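> Output the structure for:
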Amino acid sequence: MAHFEPPMHWADHEDIAMALYEKFGDDFTEAKIYRIRFTELIEWVLSLDNFDGTREQSTEGHLEQIQAKWVYEWRDNQ
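Below you'll find the model as predicted:
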């Protein structure tokens with residue numbers, strides 16, 4: 001049975017971070033995650049299967065939160 005996941009939006013920082021961690025795994029260390037340019041991060045978030053938002057809806061605040069949560073996710077898995 002397919003597992004249905006509701007679509008993610010920009011405010012779903014934790015869900016997005018988990019999806020990014022699953023996609024990139026341990027290749028992205030804390031230092032690398034914090035060096036990602038926001039322009040790049042936006043593209044990656046937009047490319048997530050379950051993401052339902054637009055480039056225009058992204059804000060610096062959302063992107064900072066996503067980065068921070070991604071780092072926590074990475075740390076939790078080390």
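> and the closest residue to Leu48 other than its chain neighbours, what element?
Nearest non-adjacent residue to Leu48, counting by C-beta to C-beta, 6 or more residues apart in numbering: Ala19, 5.0 Å away. (Each C-beta comes from the backbone N, C-alpha and C, glycine too.) Counting by DSSP states H and E, the element that carries Ala19 is helix 13-24.
> Pull out the buried residues from that helix.
Judged by neighbour count (16 or more other C-beta atoms under 10 Å), helix 13-24 contains these buried residues: 13, 15-21.
> pLDDT below threshold where in this structure?
1-4 (pLDDT under 70).
> which helix is the longest one in it?
helix 60-76 (DSSP state H).
> residues of it that come out buried?
For helix 60-76, by 16+ other C-beta under 10 Å, it's 62-63, 65-67, 69-71, 73-74.
> can you tell me which two in the buried residues of helix 13-24 are farthest apart?
For the buried residues of helix 13-24, the farthest-apart pair by C-beta to C-beta is His13 and Tyr21; their separation is 12.4 Å.
> Overlap of the contact sets of the two?
When contacts are counted by C-beta atoms under 8 Å, 6 or more residues apart in numbering, His13 and Tyr21 have no shared neighbour.
> So what touches stretch 44-52?
5-10, 16, 19-20, 23, 53-55, 58, 66.
> Can you list the buried residues in that stretch?
44-45, 48, 51.
> Compile those into CSV and extend it with columns for distance to Tyr34 and secondary structure.
Shown next, in CSV, are those (distance: C-beta to C-beta, whole Å; DSSP: H, G, I helix; E, B strand; the rest coil):
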residue, distance to Tyr34, secondary structure
Trp44, 15, helix
Val45, 16, helix
Leu48, 20, coil
Phe51, 21, strand
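> Out of those residues, the closest to Thr29 would be?
Trp44 (16.1 Å).
> Run a quick neighbour tally on Phe43.
Residue 43: Glu, not Phe. 11 (other C-beta atoms under 10 Å).
> just the angle between the helix or strand containing it and helix 60-76, please?
Glu43 is part of helix 38-47, with elements assigned from DSSP H and E. Computed with axes from the mean of the first three to the mean of the last three C-alpha atoms, to 10 degrees, the direction of helix 38-47 lies at 80 degrees from that of helix 60-76.
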